[in-house]
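S.K.: curious how this folds, go ahead:
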Amino acid sequence: MTPLPGRPVRGSTTGRPVMALLDLLGRRWALRILWELRDDAKPTFRELQQRCDGVSSSVLTTRLRELGDADLVDHADGYTLTEQGRSLFTTLVELDTWANGWRPRQPS
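M.R.: Have a look, this model is predicted:
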């Protein structure tokens, strides 16, 4: 079942929106798929599979369905990010920038 706001998800029985999003993005290949759809190239299923280092077709199918159910990815003449997907991607770029400067404390 696709994690969506209002539904119980991993870590939240209430389905808080942020928890639903983190559950969805934490699934294998979900972030990679979003990353590979960052441009307007509209790859086919096979092209997207190749961009994702040969992810299995069953996993790719499942993730694309989930991301589509969440209104983050659309499939019309190739795969693209929806308006919400592009907005999320912008936020992910900011998170990536933060992560590049992340310096965890070293164990004593």
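
S.K.: in this protein, which spans are helices?
M.R.: 17-25, 30-36, 45-51, 57-69, 83-100 (DSSP state H).

S.K.: how about the ones you listed in JSON lines, adding mean neighbour count, distance to residue 4 and mean pLDDT?
M.R.: Any C-beta I mention is one placed from the backbone N, CA and C, and that applies to glycine too. Below are those laid out as JSON lines (neighbours: other CB atoms under 10 Å; distance: least, CB to CB, whole Å; pLDDT from 0 to 100):
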{"stretch": "helix 17-25", "mean neighbour count": "17", "distance to residue 4": "6", "mean pLDDT": "94"}
{"stretch": "helix 30-36", "mean neighbour count": "19", "distance to residue 4": "14", "mean pLDDT": "97"}
{"stretch": "helix 45-51", "mean neighbour count": "15", "distance to residue 4": "23", "mean pLDDT": "96"}
{"stretch": "helix 57-69", "mean neighbour count": "17", "distance to residue 4": "7", "mean pLDDT": "98"}
{"stretch": "helix 83-100", "mean neighbour count": "12", "distance to residue 4": "12", "mean pLDDT": "96"}
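
S.K.: save those helices as TSV, and put in distance to residue 108 too.
M.R.: Formatted as TSV, the helices of the chain follow (distance: least, CB to CB, whole Å):
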stretch	distance to residue 108
helix 17-25	30
helix 30-36	32
helix 45-51	42
helix 57-69	40
helix 83-100	24
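
S.K.: what's the closest of the ones you listed to residue 1?
M.R.: Shortest distance between residue 1 and these, using CB to CB, is found for helix 57-69: 8.8 Å.

S.K.: now the closest one, how far from the chain's geometric center?
M.R.: 10 Å (CA atoms, centre = their mean, to the nearest Å).

S.K.: then stretch 93-108?
M.R.: With CA atoms, centre = their mean, you get 20 Å for stretch 93-108.

S.K.: can I get it as PDB, trimmed to CA atoms?
M.R.: Output of stretch 93-108 as PDB, limited to C-alpha atoms (Å, rounded to 0.1, in the frame of the first residue of the first chain):
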ATOM      1  CA  VAL A  93      18.300  19.500  -3.500                       C
ATOM      2  CA  GLU A  94      18.300  21.700  -0.400                       C
ATOM      3  CA  LEU A  95      18.600  18.600   1.800                       C
ATOM      4  CA  ASP A  96      21.400  17.400  -0.400                       C
ATOM      5  CA  THR A  97      23.200  20.700   0.000                       C
ATOM      6  CA  TRP A  98      22.800  20.400   3.800                       C
ATOM      7  CA  ALA A  99      24.000  16.800   3.800                       C
ATOM      8  CA  ASN A 100      27.200  17.800   1.900                       C
ATOM      9  CA  GLY A 101      28.200  20.000   4.800                       C
ATOM     10  CA  TRP A 102      27.100  17.500   7.500                       C
ATOM     11  CA  ARG A 103      29.900  16.600   9.800                       C
ATOM     12  CA  PRO A 104      28.800  14.000  12.400                       C
ATOM     13  CA  ARG A 105      30.600  14.000  15.700                       C
ATOM     14  CA  GLN A 106      33.400  11.500  15.800                       C
ATOM     15  CA  PRO A 107      33.200   8.800  18.400                       C
ATOM     16  CA  SER A 108      35.500   9.400  21.400                       C
END
